[in-house]
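>>> can you look at this prediction? I've put the sequence above it.
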Amino acid sequence: MDRSPFSSAFTSRTAQVRRALAGVGWAWLLLSVVLAWLDPEGRWIDAGREGVVLLKLWIFWAVWAVIPWCGAALLCLRQPAGRSVLRLAWLAALALVAYSGLVEPRLLTVREHRLHLQTPAKLPPLRLALVADVHAGLFVRGWQIERLVDRLNALDVDAVVVAGDWTYDPPRDLHALLQPFSRLRHPVWGVLGNHDTGAPGPPLAQALRQALQDHGVQVLDGRRLQFQGWDVMGLSDLWGGEPRGEMARLLPPGTPTAPRLVLAHQPDTAALLPAGSASLVVSGHTHGGQIMLPWVTRQLVLPGMSAQGWFEGIGTIGLPARLAVVPRIDVLLLE
């Protein structure tokens, strides 16, 4: 049966739109090269890693090309000839890239946990907002830091705790990058992570400490403070610091007289603490795996990040993507 003129015109129009969308995707892919070339200007980057950073930034910008490509692939499905297994697989792959690269990294969530730590009865419960692996810089931009601070300010907590890795190849002006943290209405404590102390990463630790302190963040590496009856102690990074020496200096022998909260970037630092010396250790470092692939992530990736099997975090490194590991703020009720 011959197709009607209307049907033929509609099919022709659909083909034109499909080709236009595919062209937009390819054009954006080329434009992303220019954007990636301009983006590294004025960043903290280790000498010799310029090419790697350029590639990562190209991926960061290029991922937006999947949106018009998804549109073109969907239009293909309107034609029976376009519903092949190969075309369906291509659409599924594009949708997966779009979700993991553009959607899930921006799905900041909040999860609450009630922890019974057998604290003295006279102490009121302590509510903490725990954040780890912000990684401001290459993939996490200023507007995302603003949104994180807004979410933290909306929480009913006593303090905010940031468990290291504040940066990832960030702009040189760390003071401007981290300025949103000055708006936090809660006390803020933090430690530096391996990417903040050159393990790996550029040598920005001193500038980062100064920027954080200027914005009201108490950097606790190798320090302690008292808060509502709690002994709060920070340890420097396991790779980029000296947590063992800090333990010897800060931990008196014997059982602590007050509940002790230890902040350390890498979770395996907890295994170095003397038995009974801490009521709770909070950490980050692993991003929860960041990209959760069946078997591969838990068996091959995560064991290299924590021998103890402790995994969480909100930021992104390596690839600008998260999959099945939604970034989150953890609210801890300690009682």
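That came in fine, so what should we check first? Numbering: from 1, shown residues only.
>>> enumerate the positions of whichever strand or helix holds I59 that are buried.
Assessed by DSSP states H and E, I59 sits inside helix 50-62. Going by neighbour count (16 or more other Cβ atoms under 10 Å), the buried part of helix 50-62 is 53, 56-62. C-betas here are computed from N, CA, C, even on glycine.
>>> return the member of those residues nearest to G241.
Within the buried residues of helix 50-62, proximity to G241 (Cβ to Cβ) peaks at V53, which comes in at 24.5 Å.
>>> so what pLDDT did that closest one get?
Looking at V53, its pLDDT is 96.
>>> ok, now how distant is it from H287?
Per Cβ to Cβ, to the nearest Å, V53 is found 19 Å from H287.
>>> swap in L77?
The spacing between L77 and H287, counted by Cβ to Cβ, is 35 Å.
>>> which residue of those two possesses the greater neighbour count?
Set side by side, L77 and H287 show more neighbours around H287, with 25 against 13, by other Cβ atoms under 10 Å.
>>> that one contacts T316, doesn't it?
Yes: look at H287 against T316 with Cβ atoms under 8 Å: they come within range, at 7.1 Å.
>>> run the chain-centre distance for the worst-scoring helix or strand of the chain on mean pLDDT.
Sorted by mean pLDDT, DSSP states H and E, the helices and strands of the chain end with helix 296, the least confident at a mean of 83. Computed by Cα atoms, centre = their mean, to the nearest Å, the chain-centroid distance of helix 296 equals 20 Å.
>>> tell me the helix or strand right after that helix.
Next helix or strand after helix 296 toward the C-terminus (DSSP H and E): strand 328-334.
>>> what is that following strand packed up against?
strand 109-115, strand 126-131, helix 142-153, strand 280-282 (3 or more Cβ pairs under 8 Å, 6 or more residues apart in numbering; DSSP states H and E).
>>> quickly list what I291 is bridged to.
L323 (DSSP bridges).
>>> so who does it touch?
100, 297, 319, 321-325 (Cβ atoms under 8 Å, 6 or more residues apart in numbering).
>>> widest-spaced pair of those residues?
L319 and A324 (14.1 Å).
>>> longest helix of the protein?
Assignment by DSSP state H gives helix 5-38 as the longest helix of the chain.
>>> now it and helix 50-62, what's the angle there?
On the basis of axes from the mean of the first three to the mean of the last three Cα atoms, to 10 degrees, helix 5-38 is oriented at 150 degrees to helix 50-62.
>>> in space, what's closest to W44 - neighbours in sequence excluded?
Computed as Cβ to Cβ, 6 or more residues apart in numbering, the closest residue to W44 that is not its neighbour in sequence is P202, at 4.0 Å.
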